[in-house]
Every structure is written in structure tokens, then in C-alpha cells.
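Asker: fold the following, please.
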Amino acid sequence: MGIRIKDANNFKVREDVFDEVTLLALYKLVHKKWFSVLGGSISTGKEANVFYAERDGVGVAIKIYRIQTANFTTMSSYIVGDRRFSHVKKAKKELIFAWTRKEFSNLVRARDAGIDVPEPLVWDRNILIMSFLGEGEIPYPQLRNVKLEDPAETYAQIMSTIDTLYKKAELVHADLSEFNILYSDKPYLIDMGQSVTRDHPRALPFLMRDIRNINRFFKNRCDVRNDVEIFNAVTGLNAAEP
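Answerer: Below you'll find the model as predicted:
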């Protein structure tokens with residue numbers, strides 16, 4: 001396809017990643033010069049693989065959702081109820097294409113609200129290209145693998161991000177944890193395919209789960225605020241439980 005493979009000896013991926021649909025989308029993106037160099041896998045998740053790539057000598061991240069093995073049932077629970085994607089057919093391939101577009105859209109909304117997330121560049125079918133968060137070709141570490149100099153400050157930054165995401169971007173991350181936050185000089189939110197709008201029927205339970213996950217991670221590292229207190233401050237509601 002005209003792609004230069006970087007470090008070919010390290011380029012080992014699951015066979016279900018590069019199916020015919022994915023290769024066609026990659027060809028289209030290469031033809032449009034969105035990238036020209038493809039490196040090895042930097043992340044393998046439950047639904048997708050992320051690869052390091054380069055565009056005009058600058059690092060980018062290519063996220064490929066696996067059409068054959070992605071969890072159709074889990075994805076459906078986040079798509080159903082999202083008015084932006086109410087027209088999406090229930091076929092697996094169409095759902096994954098919608099999921100990719102949904103993550104792109106969520107990243108755009110988050111960036112526009114001033115939240116630190118990867119910059120979304122382009123999407124096509126099951127492929128999303130974003131700015132690369134890392135140094136050289138090494139991605140920033142997940143929060144769980146970082147020894148924080150000031151845990152209380154980082155905790156406050158993440159809680160502020162949850163608040164801004166809800167109030168300005170009108171989104172709930174819906175899967176926030178130490179696994180979906182990268183850390184360098186500050187925290188960066190990633191993996192926003194499942195993020196939902198505030199009017200999603202499960203937005204409030206998802207928000208409470210996000211808050212509890214962050215409190216769980218930080219409770220032995222610094223003082224944390226009460227789950228319900230944070231929830232009420234973010235939503236403006238006065239509810240013991242969502």
C-alpha cells in the first residue's frame with residue numbers, strides 16, 4: 001500500500017486486526033497522506049489495537065477497532081440511547097464504524113472544551129488517527145504505573161477534568177480509571193469511544209462510576225472527597241444516588 005513498516009521485526013499483531021475492510025480503509029488514508037510510516041503496536045485493548053505511525057515525520061497514533069472480535073454487546077449498551085447515533089443499524093460492522101465515529105466526535109467535543117485528550121485527526125470505517133501522546137516513539141505511561149510527586153494535585157486536576165467534561169463538553173467519560181488516563185506533566189484522558197452525552201439514559205450512573213473509580217485509586221495516596229459530594233457538585237443535583 002506504499003506504507004513503510006518501521007521495525008518490522010517487532011511488527012507482530014493479531015491476525016484479526018488487518019482484515020479486508022481495515023486494509024481498504026488504511027489504503028484510503030495512506031492515499032490521502034494521513035500517514036506514511038507504520039510502526040509496532042503500542043497498545044492492545046479489549047476492542048482495539050493502537051499503533052505508532054508517522055505523518056511527515058511527526059508521530060501519530062492509529063487506533064484500529066477489530067471488526068471480527070470486538071464485543072458487540074458491550075458496544076451496543078453505549079450506543080443505544082445516544083441520540084447522535086439513533087439511526088445506526090444493529091449489524092456488527094455498522095456498529096463498529098459508528099463507534100469509531102463516536103470516539104472521534106467525543107474527542108472533538110472534549111478538545112473544544114479545553115480538556116487534555118489526543119487531538120483527533122481523521123477517521124475512516126474502523127480506523128481513527130490521533131495525535132501521539134508520548135516522547136520519541138514511547139507513549140506516556142498509564143496513571144497506574146506512575147509514581148506521582150503530588151498525588152493531591154493530580155487528583156484535583158482529574159476531578160476538575162470530570163467537571164469540565166460534564167459541564168462544558170456535556171459528556172461523561174463512562175469508563176474512567178487509572179487505565180484510561182495517561183500521565184506526563186499532567187493527566188490526559190484517552191479511550192473515549194464509550195463516552196456518552198449528558199442526556200444519555202445511563203449518563204448519571206456512568207458519572208458516579210467514574211468518580212468512584214478515581215476515588216478508589218487515590219484513596220491511599222491522598223485525601224479524597226466524598227463520592228456523592230463530587231457527584232452533586234458536578235451535576236448540580238442534590239441526590240444521594242444517581
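
Asker: quick one, helices of this protein?
Answerer: 20-31, 72-79, 92-112, 151-167, 203-218, 227-235 (DSSP state H).

Asker: looking at these, which has the lowest confidence?
Answerer: Of all the helices of the chain, the minimum mean pLDDT falls on helix 72-79 (a mean of 70).

Asker: next up, the contacts around the residue nearest the centre of the chain.
Answerer: Nearest residue to the geometric centre of the chain (CA atoms, centre = their mean): residue 191, 1.4 Å. Residues near residue 191 by CB atoms under 8 Å, 6 or more residues apart in numbering: 45, 175, 180. All C-beta spots, glycine's among them, are computed from the backbone N, C-alpha and C.

Asker: next, it: phi, psi?
Answerer: phi 50, psi 70 (degrees, to the nearest 10).

Asker: make a markdown table from the helices of the chain and add mean neighbour count and distance to residue 55 to it.
Answerer: Output for these, formatted as a markdown table (neighbours: other CB atoms under 10 Å; distance: least, CB to CB, whole Å):
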| stretch | mean neighbour count | distance to residue 55 |
| --- | --- | --- |
| helix 20-31 | 16 | 10 |
| helix 72-79 | 15 | 28 |
| helix 92-112 | 20 | 16 |
| helix 151-167 | 18 | 27 |
| helix 203-218 | 20 | 32 |
| helix 227-235 | 17 | 37 |
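
Asker: as CSV, those with distance to residue 57 would be great.
Answerer: Shown next, in CSV, are the helices of the chain (distance: least, CB to CB, whole Å):
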stretch, distance to residue 57
helix 20-31, 16
helix 72-79, 35
helix 92-112, 23
helix 151-167, 31
helix 203-218, 37
helix 227-235, 41
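
Asker: closest one to residue 186 among the ones you listed?
Answerer: Ranking the helices of the chain by proximity to residue 186 (CB to CB) places helix 151-167 first, at 6.3 Å.

Asker: ok, residues contacting the closest one?
Answerer: In this structure, residues lying in contact with helix 151-167 by CB under 8 Å, 6+ apart are 110, 113-116, 143, 148, 171-173, 176, 181, 183, 186-187, 189, 198, 207, 210-211, 214, 218, 221-225, 230, 233-235.

Asker: and stretch 201-216, how far out from the chain middle?
Answerer: 16 Å (CA atoms, centre = their mean, to the nearest Å).

Asker: same thing with stretch 141-157?
Answerer: The answer for stretch 141-157 is 19 Å, by CA atoms, centre = their mean.

Asker: mind checking the end-to-end distance for that stretch?
Answerer: 17 Å (CA to CA, to the nearest Å).

Asker: swap in stretch 143-152?
Answerer: Start to finish, the residues bounding stretch 143-152 are 14 Å apart (CA to CA).

Asker: buried sites along that stretch?
Answerer: Neighbour counts using 16 or more other CB atoms under 10 Å place 143, 146, 151 of stretch 143-152 among the buried residues.

Asker: next: stretch 137-144.
Answerer: Neighbour-count burial for stretch 137-144 flags 139, 140, 142, 143 (criterion: 16+ other CB under 10 Å).

Asker: what comes into contact with that stretch?
Answerer: Here stretch 137-144 makes contact (CB under 8 Å, 6+ apart) with 39, 42-43, 52, 59, 61, 132-134, 154, 178-184, 187-188, 217.

Asker: give the buried subset of these as a ChimeraX selection command.
Answerer: The buried subset of these, as determined by 16+ other CB under 10 Å, is captured in ChimeraX by this line:
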select :39,42,52,59,61,132,133,134,154,178,179,180,181,182,183,187,188,217
